[in-house]
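**Student:** A structural model of the following input is requested.
(one chain, ligands or ions: 3)
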Amino acid sequence: MDRLKAAILIVSDTASQDPASDKTASALTPILTAEGKWESPAIKIVPDNVFHIQQAVCDWTDGPNWHNLILLSGGTGFAVRDITPEAVSPLIHRHAPGLVHGMIAASLKVTPFAMMSRPVAGVRDKTLIITLPGSPKGAVENLEAIVKLLPHACLQSAGANSRNMHAAGVKSLEAEAGFSSGSSVTQTQHNHHHHHHHGHGHGHVVVKAHTTPRSNDPAAGPGRRYRASPYPMLSVEKALCEISEHTPEPIVIEAPVNASTVGCVVAEDVYAAEAVPAYRASTVDGYAIIASEGANTSGTFPVASITHANVGGVLVPLQPGTVARITTGAPLPPNANAVVMVEDTELATTTPDGNEEATIQILAEDILPGENVREPGSDVALGSKILSRGDIISPIGGEIGLLAATGTQTVKVFKKPTVGVLSTGDELVEHDDPRPLTGGQIRDSNRPSLISCLQSWGFSTVDLGIARDTPVGELEHALRDSLRGVGRASSSVDVIVTTGGVSMGELDLLKPTIERSLGGTIHFGRVSMKPGKPTTFATIPFKAATSDSGALTQQERQSKLIFSLPGNPASALVTLNLFVLPSLHKLSGLGENSQALSTKPWMAPQLGLPRVAVVLTHHFPLDPKRTEYHRAVVTGSRSDGRLYATSTGIDGVGQRSSRVGSLAAANALVILRPGRGVGIKGEIMEALMMGPVHASDTRIIC
Ligand SMILES: Nc1nc2c(c(=O)[nH]1)N[C@H]1C(S)=C(S)[C@@H](COP(=O)(O)OP(=O)(O)OC[C@H]3O[C@@H](n4cnc5c(N)ncnc54)[C@H](O)[C@@H]3O)O[C@H]1N2
Ligand code: MOO
Ligand SMILES: [Mg+2]
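**Tutor:** Residues are numbered from 1 along each chain as shown. Ligands and ions are numbered 1, 2, ... in the order given. The predicted structure follows:
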């Protein structure tokens, strides 16, 4: 018989940084290989990180490099950083509680601490996966309790005929496993603590216990799918609250002062590092003089010196009875305290060659001290507050100008999130594929439209391409790669926006994939709105951490957000505006300085689209049950100062969720609460502005 292939995955932050500190892999190997049934195991070390663990496991289960057995060691305890069971559980297709019981029972004979371990065992595809404690001793004891059964279990998992195997081997297996001859576990003092240190701080635990999936199990087939959605229908307001609650706090970064910072929100009050102006400067072209209160300033004076803007060097003090020629912005000579404009003077005498002014006559009699002079720091005082936490560095340039003028080298801002956009569906072809469509093919319009919209809001995007519904697993891998910033993702993303596959069809795989394969939590899967009913919002734990684990950046501690929007193009764009934008705004630090935020999270006016009141220019049909976000053109009247809303189409087809054209030219979503009949012409409704108001010369309603 060929020998079986095993792999050992050591899960430990410490060992991943210092492989020599791991003693478990070398302790497990001889137990496994003792009887010649196993090849020498592959060994890998990863940190306590859900994605690293899942990726390593999948590398050994999916694809040609699959192994019969994966033993994971570490991260199975109760410490906050222990997330191995949470990482492994969602990958398992068929659980093996018997092995779990066997390991715990054997360990309990040695120590009651066995109850403090949370092992997981089961089969993914053809591979048996088992988690063991982190300490070499605990891992060895657990493995010894089950090692004799493993070849049999693995062969069955890989598809061997179980009846033949039983006939041939069950008796000897039982004997080998020691069930007739007593336990093989030695009774020694035992300690299940991990060989890597865990902090026991009271930090925020990001990884939650894997919640029970509500979604369909795609493996069960359409015959067993739900015929009613298991997700409660939330109101839009409740959905927004869920998003607010699960959107992580913004991350502070230090950014250079240039165009790349435009659109960022300032994270810390900024104080002027330099005064503007730094010296006493003239505001006009003319002559610096020594003025005194109440004295007549007219008369003829020799031009003693010249001062230009930009000259360095030492300024010669102005002698009383003389003037200094000066240009706008140039420093005044010491002693001088006012400037007379060149227009208020006449040339009196020149130098012998006629080129230079020798004396000038001042015509103005009443120049006061300080006239036409900018005192140092009079534009911006040294150390004064120039920007406050929560201010936006606008594209207009005022904030960048202030930072630049005061010599501010870098500024603390909130990091703008990066958004990955993934389309899903077997029917999709690239929008620019030159070949004609065949069969049920659809051009992928969601990706280009969503990416354009996100970029127009100033966010970086990563094009994650199209994930097919079949073969099984493509979506899971696409999402996993995107979260890690590998494969189709050119860099890691903070937020993933997907479209399609969230409703009730058997190929609507987003919800099961998020819950069952990625261990994510779906916070809502249905919203009472039109369009956009199946909109889904989930978080995926990224890395377990405590606040005292200094090695982790704030970004690593954050959960990743997934917005799974409906595939219908109008639904996708409307829900991007309504749900994704406020979350991106919050991640960008907008509203951080808003008092309202703490009590009513979505009342901060900075978050999401601006709301305005509009007058309906015609009847708008109402949906009896769902709040409608009706695509409309809003025009500003020049005569009565009001905003008027006109639908982009109200016939049966006009507002259909498949009709992306309902958003062409639209700049607003009119909020129509459910009801009977119509919103009446002339009635005032609320609208969300997606773009600038269109100007109008004419009144629409008379
Ligand atoms: N039995 C039920 N069926 C449906 C329900 C329901 O409650 N019960 N909800 C409907 C609603 S409302 C919507 S909205 C859609 C949502 O569908 P999915 O999100 O599952 O999306 P798909 O099934 O994948 O596709 C729907 C539609 O959109 C087209 N599509 C998908 N992606 C793209 C893209 N990137 N570019 C252009 N067009 C795309 C796709 O071809 C389909 O035509 O479900 C209803 N069904
Ligand atoms: O809710 Mo769906 O987005 O109407 O078509
Ligand atoms: Mg569908």
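
**Student:** where is the longest strand in the protein?
**Tutor:** In the chain, with assignment by DSSP state E, the single longest strand is strand 627-637.

**Student:** relative to that strand, what are the paired strands and their orientations?
**Tutor:** Here strand 627-637 is paired, per DSSP bridges, with strand 529-530 (parallel), strand 643-647 (antiparallel), strand 668-672 (antiparallel), strand 694-696 (parallel).

**Student:** export these to a markdown table and tack on mean neighbour count and distance to ligand 3?
**Tutor:** Where C-beta positions appear, they are placed from N, C-alpha and C, glycine not excepted. Below are the strands paired with strand 627-637 laid out as a markdown table (neighbours: other C-beta atoms under 10 Å; distance: least, C-beta to the ion, whole Å):
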| stretch | mean neighbour count | distance to ligand 3 |
| --- | --- | --- |
| strand 529-530 | 22 | 16 |
| strand 643-647 | 22 | 27 |
| strand 668-672 | 23 | 23 |
| strand 694-696 | 13 | 35 |
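
**Student:** now for these, which one comes closest to E274?
**Tutor:** Nearest to E274 among these is strand 694-696; the distance by C-beta to C-beta comes to 41.9 Å.

**Student:** need the contact list for the residue of the stretch 551-700 of the chain found nearest ligand 3.
**Tutor:** Proximity of the stretch 551-700 of the chain to ligand 3 (C-beta to the ion) peaks at G567, 6.1 Å away. Contact partners of G567, counting by C-beta atoms under 8 Å, 6 or more residues apart in numbering, are 424-425, 446, 499-502.

**Student:** next, the contact list for S388, please.
**Tutor:** Residues counted as contacts of S388 (C-beta under 8 Å, 6+ apart) are 266, 269-270, 593.

**Student:** now, which of those lie within strands?
**Tutor:** Per DSSP E, the contacts of S388 map to strands at V270.

**Student:** out of the contacts of S388, name the two that are farthest from one another.
**Tutor:** So, the contacts of S388 by C-beta to C-beta: farthest apart are V270 and N593, at 13.3 Å.

**Student:** tell me which of the two has more neighbours.
**Tutor:** Applying other C-beta atoms under 10 Å to V270 and N593 shows that V270 carries more neighbours, namely 21 against 16.

**Student:** just give me the neighbour total for the nearest residue to that one once chain neighbours are set aside.
**Tutor:** Leaving aside its sequence neighbours, V270 sits nearest to L387 (C-beta to C-beta, 6 or more residues apart in numbering; 4.2 Å). Neighbour count of L387, defined by other C-beta under 10 Å: 22.

**Student:** measure the residue in the chain sticking out farthest from the centre to ligand 1 for me?
**Tutor:** Most distant from the centre of the chain: P352, at 73.8 Å, with distances by C-alpha atoms, centre = their mean. As defined by C-beta to the nearest ligand atom, to the nearest Å, P352 lies at a distance of 84 Å from ligand 1.

**Student:** can you check I45 too?
**Tutor:** 40 Å.

**Student:** what helix or strand is that residue located in?
**Tutor:** strand 42-46 (DSSP states H and E).

**Student:** what helices or strands is that strand leaning on?
**Tutor:** Counting contacts by 3 or more C-beta pairs under 8 Å, 6 or more residues apart in numbering; DSSP states H and E, strand 42-46 packs against strand 6-11, helix 13-17, helix 24-33, helix 50-61.

**Student:** against which helices or strands is the second one packed?
**Tutor:** Right, the one you point to is helix 13-17. Using 3+ C-beta pairs under 8 Å, 6+ apart, helix 13-17 is in contact with strand 42-46.

**Student:** in strands, which of the contacts of G567 fall?
**Tutor:** Per DSSP E, those map to strands at 424, 499.

**Student:** only C-alpha atoms, please: export the strand or helix carrying P85 in CSV.
**Tutor:** Under the criterion DSSP H and E, the helix or strand holding P85 is helix 84-88. Written as CSV, here are the backbone C-alpha positions of helix 84-88 (Å, rounded to 0.1, in the frame of the first residue of the first chain):
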residue,chain,number,x,y,z
THR,A,84,-8.2,27.8,15.2
PRO,A,85,-11.6,26.1,15.7
GLU,A,86,-13.3,29.2,14.2
ALA,A,87,-11.0,29.1,11.2
VAL,A,88,-11.3,25.4,10.6
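
**Student:** can you give the strand pairings for the following helix or strand past it, parallel or anti for each?
**Tutor:** With elements assigned by DSSP H and E, the helix or strand that comes after helix 84-88 is strand 94-95. With DSSP bridges as the test, strand 94-95 is paired with strand 121-124 (antiparallel).

**Student:** contacts for the partner strand, please.
**Tutor:** Contacting residues not belonging to strand 121-124 are listed as 57, 61, 91-97, 99-100, 103, 128-131, 157 [C-beta under 8 Å, 6+ apart].

**Student:** likewise for stretch 643-650?
**Tutor:** Contacts to stretch 643-650, defined as C-beta under 8 Å, 6+ apart, come from residues 612-621, 630-637, 654-655, 659, 661-666, 668, 670, 685, 687, 693, 696, 700-701.

**Student:** quick one: distance of it to the chain centre.
**Tutor:** Here stretch 643-650 is found 34 Å from its chain centre; the criterion is C-alpha atoms, centre = their mean, to the nearest Å.

**Student:** now do stretch 142-160
**Tutor:** 42 Å.

**Student:** and that stretch, end to end?
**Tutor:** Using C-alpha to C-alpha, to the nearest Å, the end-to-end distance of stretch 142-160 comes to 26 Å.

**Student:** pull out the buried positions in it.
**Tutor:** 142-157 (16 or more other C-beta atoms under 10 Å).

**Student:** closest one of these to ligand 1?
**Tutor:** S157 (33.4 Å; C-beta to the nearest ligand atom).

**Student:** find the nearest non-adjacent residue to the closest one, please.
**Tutor:** Sequence neighbours aside, V123 is the residue nearest to S157 in space, at 4.7 Å (criterion: C-beta to C-beta, 6+ apart).

**Student:** and the helix holding P85, what other elements does it pack with?
**Tutor:** The elements that helix 84-88 packs onto, with contact taken as 3+ C-beta pairs under 8 Å, 6+ apart, are helix 50-61, strand 127-132.

**Student:** give the other helices and strands that the very next helix or strand once past the first one contacts.
**Tutor:** Looking back up the chat, that one is helix 50-61. As assigned by DSSP H and E, the chain's next helix or strand after helix 50-61 is strand 69-73. Counting contacts by 3+ C-beta pairs under 8 Å, 6+ apart, strand 69-73 packs against strand 6-11, helix 24-33, helix 50-61, strand 127-132, helix 136-146.

**Student:** among these, which is nearest ligand 1?
**Tutor:** With C-beta to the nearest ligand atom as the measure, helix 50-61 is the member of those nearest ligand 1 (24.9 Å).

**Student:** re earlier: mean confidence for the strand holding I45?
**Tutor:** For strand 42-46, mean pLDDT rounds to 95.

**Student:** and for stretch 617-628?
**Tutor:** Rounded mean pLDDT across stretch 617-628 is 95.

**Student:** please apply the same query to stretch 666-674.
**Tutor:** On average, the pLDDT along stretch 666-674 is 96.

**Student:** how about it against ligand 2, any contact?
**Tutor:** No - counting by C-beta under 6 Å from any ligand atom, ligand 2 has no neighbours in stretch 666-674; the shortest distance is 13.0 Å.

**Student:** and that stretch, end to end?
**Tutor:** The first residue of stretch 666-674 is 21 Å away from its last residue (C-alpha to C-alpha).

**Student:** show me the contact partners of it.
**Tutor:** 574, 577-578, 609, 612, 614, 616, 620, 622-634, 645, 647-648, 679, 685-694.

**Student:** can you tell me which of the contacts of strand 121-124 are buried?
**Tutor:** The buried subset of these (16+ other C-beta under 10 Å) comprises 57, 61, 91-93, 96, 99-100, 103, 128-131, 157.
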